[in-house]
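Asks: coords please:
(chains A and B)
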Amino acid sequence: MTDLQNITGGEQAPVLTVQHLTVSVRTEGGLRPLVQDLSFTLNRGETLAIAGESGSGKSITSLAIMGLLPPPAVRITGGRIALGATDLAALPEAQMRKIRGDRVAMIFQEPMTSLNPVLTVGAQLTEAIRAHEPVSRAEAKARAIKALTAVRLSQPERRMTQFPHELSGGMRQRVMIAMALALRPEVLIADEPTTALDVTVQREVLDLLRDLQREMGTAIILITHDMGVVAEMADRVIVMKAGRMVEEAPVARLFTAPKADYTQKLLAAVPRMGGPDRPAPMAAPVASLRDVVVRFPIRGGMLSRVVQNVHAVEHVSFDIPQGQTFALVGESGCGKSTIAKALVGLAPHQGQITVAGQTVTETMPRALRAQVQMVFQDPMAALDPRMTVGDLIAEPLVIHGLPHARDRAADLMARVGLSKDQLDRYPHEFSGGQRQRICIARALALNPRLVIADESVSALDVSVQAQVLRLLQQLQDEMGMAYLFISHDMAVVDTIASRVAVMHLGQIVEMGTRAQVFGNPQHPYTQRLIEAVPQPDPTARRPPLPRLAGEVPSPLHPPGQGPARLRLIDRGAGHLVAEA
Amino acid sequence: MAEPSALRRLMARKMAVFGMVVIALVVVASALAPWIAPYAPEEQLFDGLTLEGAPLPPGGAFVMGTDLLGRDLFTRLLYGAQTSLIIGVLANGIALLIGTLVGIVAGFYRGWLGGLLMRFTDLMMAFPALLLAICLSAIFRPSLWIVALVIALVNWVQTARVIYTETTSLATRDFIAAERTLGAGNARILFRHILPHLVPTIIVWGTLGISTTVLLEATLSFLGVGVQPPTPSWGNIIFENQTYFQAAPWLVFIPGAAIIALALAFNLVGDALRDVLDPTQRGRD
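Replies: Residues are numbered from 1 along each chain as shown, chains lettered A, B, ... in the order given. Here you go, the predicted structure:
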């Protein structure tokens, strides 16, 4: 921080000054403020993080600066946003359009939806350049290639002719960054730029942003809910809650000595790697998988013959001990969710899966189905929106013909920390965390032996996440069921699991107790994953991670072929590691 | 916290009440036609035409004027309402039923059955509807009920397509997967979890179909394969008289307005019904 002030000069005029910004939405009851009296400055070459949970107004702030507030309901009702000498808050749309992209650029969370799917990457990049600068087509193309090279995309000429869906998520976000930085804006707003990306890709994108900032001196406003990303990237931090700034501090001070209660609570809720050791005694397995293979055929051609197979899960074997939490970690597409589906009989599999001694098939009897229940990632999607919460929780009891469904539902509500009075409400009347509690209550209704939590806390704010994790732990202590906890988030897994398996491309590369896998990772992929997790500690910033050579290998193989089978070797005390 | 009943909430909407009043008026008027109507529907009145043989404009002895054959338009409109309502509600109802059934089965079970049903639907869609209706009417002797059936057999196709697409997307939603993990069977998933979500679509297509149906019946009448003259229907009143539109515009305007009013009334009620039946819209009225 002090270094940076020396470089940029503390007295230099800020690039962007926001004074007493108030943004309101028009409702039937009058104007309701979404952001209230927010003031901050942004200096050249600086990264300012705006952190907060959902509904804190952080995204609204970025949209206000970009002049992209959804008209006519939401608008700026007070204050000014000064970019140099221009007040963006008072600028008419026609002039705002010239500034947008040229002087202030933005990258969004989901690169696939921000890119036009029917235009090539090259067409979109050159169009963006030519919209602001009167350059020839050839020159715009040359600059676009230069921008793609700058964001370290391999084969930039080929990327120019590709469509967004042909690129991976990380590559798409690089294209977005190239597009945003092609015109060398003074301010770059990054709204949750890495939230939708896998952790290793997130790390690469964050490294890239930092490098580009150093080269170009762009000021960055980083909007994020992830305190790890804040610690990794920011120079200064603004913490927001319910539309107001709660605290503003240099990053080091915010993490070492947070002043506001809310910041303290927020930081305390952040899941961290490493922590007190938990015993993982060997217990009898409640579920075991032996040599499980799941492949999805891709048909093509005139006769719709199988032309390729997606090798989602390849020869996976593990046991889930009774009453404990077994975690599957891995990046998207590694097959962890497919294992969950196979366990509940929603995906066809080869090999053997047994739960409580009985074999799981797609047509297994109802009584066996009751033994394995599932909690999904998005509680809103997993609850039928047209049913009351009471009916939803009672649903499994009714299906299995159990008596007193309604009373049991009320008990379950109380058990997960909700009130009985809320039984007649509909899912949309609850908050995200409450909805996940409802899903948990429903999963517990049949007293299952195994509950599968598939990314069940990933969509929740950190403070809510911590509460739900505590609830899961408490319910396990009381009721003694096992959890299969599936997550991409190492830190969350580290706080809840007793045993961990790391998956990569459908196979397990490392498995053991939590202490073995996270404390002493042996496989290079595991090491890479753990290394990539952003730490909520600004003093522990690490050097950029070397990039993996080439592209991510594909799980698609022609019939009769497949990936090489990894052999797991015991490195002592049940710590299994794949041969490299 | 007592929720007001669905009917209460429906009655709280002014537009819905307006729609219901219009529908009720049409129903009552058509049912009481023999008592309200000043003349018989097929009676050609001597003083219903001018001495030159032209129809009389509205006003005077005939409230809505007379048609080309000197019949009282008001009377024919009242009796025509019977035909049009039966066609509109019955034909449309059957069409919705077939369409929903085909769409939901094809969308939920997919596989060879779904493929077969949807290819058949595509075939029906590609086949000119009017030609089909003419063929069907030629095979069966046209009567009111046969015409309703013919129209239903032509009109179910769009509903089937829409319901099919909605069902396929609903079937892949997480809450359906969640139901399966709870052990719910196909019947329960179909009737408790998929069908309720299709109700809005069914209602909207149902109310939109009213006007299409009434007009298709008119087309068939015009071509001589619909409801046979002299039985009046709103559609065939328009078609009988459209050639004299410039000389006697009321003969097209008045039944036309009646069709529009009825279709609009159904749409208003349908929209309100859709919102009232959707629990996620609660508190947003």
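Asks: separation between the most centrally placed residue in chain B and chain A?
Replies: Central residue of chain B (Cα atoms, centre = their mean): B:I210, 2.0 Å from the mean position. With the distance defined as Cβ to the nearest Cβ, to the nearest Å, B:I210 ends up 26 Å from chain A. All C-beta spots, glycine's among them, are computed from the backbone N, C-alpha and C.
Asks: Is that residue in a helix, a strand, or coil?
Replies: helix (DSSP: H, G, I helix; E, B strand; the rest coil).
Asks: check contacts around the residue nearest in space to the middle of chain A.
Replies: In chain A, the centroid-proximal residue (Cα atoms, centre = their mean) is A:T195; its distance is 4.4 Å. Going by Cβ atoms under 8 Å, 6 or more residues apart in numbering or on different chains, A:T195 touches A:109, A:224-226.
Asks: ok so, going back, ok, now which ones touch the residue nearest to the centre of chain B?
Replies: Counting by Cβ under 8 Å, 6+ apart, B:I210 touches B:88-89, B:92, B:262-263, B:266-267.
Asks: Please identify which two of the residues you listed are farthest apart in space.
Replies: Using Cβ to Cβ, the contacts of B:I210 reach their maximum pairwise distance at B:V89 and B:N267, which is 14.3 Å.
Asks: got any ranges where chain B has weak pLDDT?
Replies: Along chain B, the model assigns pLDDT under 70 to residues B:1-4, B:46, B:48, B:51, B:53, B:281-285.
Asks: Chain A contacts on that one?
Replies: Applying Cβ under 8 Å from any Cβ of the partner chain, we find that chain B lies next to chain A at B:1, B:3, B:173-175, B:177-185, B:188, B:193, B:196-197, B:278-280, B:282.
Asks: which of those residues are buried?
Replies: For the residues of chain B next to chain A, a burial check counting by 16 or more other Cβ atoms under 10 Å in any protein chain shown picks out B:173-175, B:177-184, B:188, B:193, B:196-197, B:278-279.
Asks: Does the closest residue to B:I237 other than its chain neighbours fall in a helix, a strand, or a coil region?
Replies: If the residues on either side of it in the chain are set aside, B:I237 comes closest to B:P255, at 4.5 Å by Cβ to Cβ, 6 or more residues apart in numbering or on different chains. Counting by three-state DSSP, the backbone at B:P255 sits in helix.
Asks: B:I87 now?
Replies: At B:I87 the chain is in helix, as set by three-state DSSP.
Asks: residues touching it, list them.
Replies: B:144, B:147-148, B:151, B:213-214, B:217, B:227, B:233.
Asks: now the helices for the stretch 151-285 of chain B?
Replies: In the stretch 151-285 of chain B, the helices defined using DSSP state H, counting those that start in this stretch lie at B:174-182, B:186-188, B:195-222, B:234-241, B:250-276.
Asks: Out of those, the one nearest A:T27 is which?
Replies: Among the helices of the stretch 151-285 of chain B, the nearest to A:T27 by Cβ to Cβ is helix B:250-276 (19.3 Å).
Asks: packing partners for the closest one?
Replies: helix B:6-11, helix B:14-31, helix B:73-86, helix B:195-222, helix B:234-241 (3 or more Cβ pairs under 8 Å, 6 or more residues apart in numbering or on different chains; DSSP states H and E).
Asks: With pLDDT, secondary structure and distance to chain B added, can I get the contacts of A:T195 in CSV?
Replies: Listed next are the contacts of A:T195 as CSV, based on pLDDT from 0 to 100; DSSP: H, G, I helix; E, B strand; the rest coil; distance: Cβ to the nearest Cβ, whole Å:
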residue, pLDDT, secondary structure, distance to chain B
A:Q109, 81, coil, 20
A:T224, 90, strand, 26
A:H225, 88, coil, 22
A:D226, 87, coil, 24
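Asks: among those residues, which two are most distant?
Replies: Farthest pair in the contacts of A:T195, by Cβ to Cβ: A:Q109 and A:D226, 11.6 Å.
Asks: So between those two, which is more surrounded?
Replies: A count of neighbours by other Cβ atoms under 10 Å in any protein chain shown puts A:D226 above the other of A:Q109 and A:D226, at 21 against 18.
Asks: What are the phi and psi values at the nearest residue to that one once chain neighbours are set aside?
Replies: Distances taken as Cβ to Cβ, 6+ apart put A:P534 closest to A:D226, at 6.7 Å, once the chain neighbours are dropped. Per-residue torsions, A:P534: phi -70, psi 130 (degrees, to the nearest 10).
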